[in-house]
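> 3D, please:
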Amino acid sequence: MTQLQKLLSGCLPPEAVKIIHEQMYVHPALQKPASGTVTRAELAQALNMALFHDLVQRVPASQDYIACDVVAQKRQVVFDHGALRTVRWPSGALPGGEAAFTRVLRPLGFALQDTYPLPRLKMTGRAYCHQDFPQDIAQFFVSELHPEEFSSAFQTTVTRVLSTSRDPLGAQDIADLDQLTRDGTLPLQQALRLLPHLIACFGRQHDVFALEDYEALLAESAEMAWISTEGNAFNHATDRVADVDAVAEHQRALGRPIKDKVEVSASGRVRQTAFRAARVEREFIAAQGRVTRSVPGSFYEFITRAELAPLAANDPVQAPQLDLAFDAGNATGIFGMTAARA
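Numbering: from 1, shown residues only. Here you go, the predicted model:
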């Protein structure tokens, strides 16, 4: 059994562990036999694999794609990045905005790669890339919404909705993360205990709230409305493919819910598209009691990254490096996948 299998077996059913290993490419250096010590890279990869698996379970179109276009063709997904949304605002017991996640990502070996203003959405995106395996461990794209740029009524509603937020991490979890920051490793038993708590961070932490609050948020920000129902779950997970245009054309021909347009970065090196968001049923509080509404959930994305030009021309020693950057225009376009009104 590998270290990753050992870690994932502590928080996922055996069949799920088997499936995710069949579906996802993992760098050979991250597939070492189980031992008594877990590196930050192994724990980061295990977290990413668990979050990817969770996303796929919530997006039916991705299940069809992976089963028919990946596993059936004896290929594997190259997990490029996962995206989540946060709110830079008082959030009950939870640290506001990306602070709730940098306290996790940095001990795991992720570092801020770049910042991407998203003014049309009144958000800021930040990319966190793994320092040990930048091309092989999926990045995190963490976006923060800025309620102060909306109306005072909107701000009051955000405060009310987020006020019941709980913090999934306790004192022992924080101590373990501090130890991981210091040593770069954790004893296996500590890592096994910590991993489910890290996974729990990527969910909704606040209680069911009023339908009228949801409608008020939706009127000003589809992104905040999405956060109100889905919390900090992966908004999308992204498959790095060789030719995103060909993938999009093929998915469209199959009748799958692919985006009409491929987004192209200003550099021309990063091309992205996505399935439209799955619809999910969420519960709200109304005058007549609890009611259920269909709202946008998460989605599955595709990306093609070109190689950067070598620092020195004709250098046979230098390995090709992918352009791991993001693009504010691409991100804004992709965010539209969850903008459909309920």
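> could you check how far Val26 is from Ala309?
Relative to Ala309, Val26 is positioned 29 Å away (CB to CB, to the nearest Å). Just so you know, the C-beta spots here come from the backbone N, C-alpha and C atoms, and that holds for glycine as well.
> looking at those two, which is more packed in?
Neighbours were counted for Val26 and for Ala309 using other CB atoms under 10 Å; Val26 has more, 19 against 11.
> distance of that one relative to Ile20?
9 Å.
> now list whatever residues contact both of these two.
Met49 (CB atoms under 8 Å, 6 or more residues apart in numbering).
> element containing Glu283, please.
Per DSSP states H and E: Glu283 is located in strand 279-286.
> could you list the buried residues of that strand?
Going by neighbour count (16 or more other CB atoms under 10 Å), the buried part of strand 279-286 is Arg282, Phe284, Ile285.
> give me the next element, helix or strand, following the helix ranked longest in the chain.
The longest helix of the chain (DSSP state H) is helix 40-58. Downstream of helix 40-58, the first helix or strand assigned by DSSP H and E is helix 60-65.
> starting at the chain centroid, how far to that following helix?
17 Å (CA atoms, centre = their mean, to the nearest Å).
> the helix or strand just after it: partners in the sheet, and parallel or antiparallel?
Along the chain past helix 60-65, the next helix or strand (assigned with DSSP H and E) turns out to be strand 79-87. Sheet pairing for strand 79-87, assigned by DSSP bridges, gives strand 139-145 (parallel), strand 236-240 (antiparallel).
> of the ones you listed, which is nearest Leu169?
strand 139-145 (16.3 Å; CB to CB).
> and the angle for that closest one with helix 40-58?
Put simply, strand 139-145 runs at 70 degrees to helix 40-58, going by axes from the mean of the first three to the mean of the last three CA atoms, to 10 degrees.
> helix or strand next in line after strand 139-145, which one?
According to DSSP H and E, the helix or strand after strand 139-145 is helix 152-162.
> now do the strands in the protein.
In the chain, the segments counted as strands under DSSP state E are 37-39, 79-87, 110-118, 123-130, 139-145, 185-187, 236-240, 263-264, 270-274, 279-286, 289-296, 299-305.
> can you put these in TSV and add distance to Leu162 and mean pLDDT?
TSV is the format used below for the strands of the chain (distance: least, CB to CB, whole Å; pLDDT from 0 to 100):
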stretch	distance to Leu162	mean pLDDT
strand 37-39	33	98
strand 79-87	7	98
strand 110-118	20	97
strand 123-130	16	98
strand 139-145	11	98
strand 185-187	31	98
strand 236-240	22	98
strand 263-264	30	96
strand 270-274	27	97
strand 279-286	15	98
strand 289-296	17	97
strand 299-305	23	98
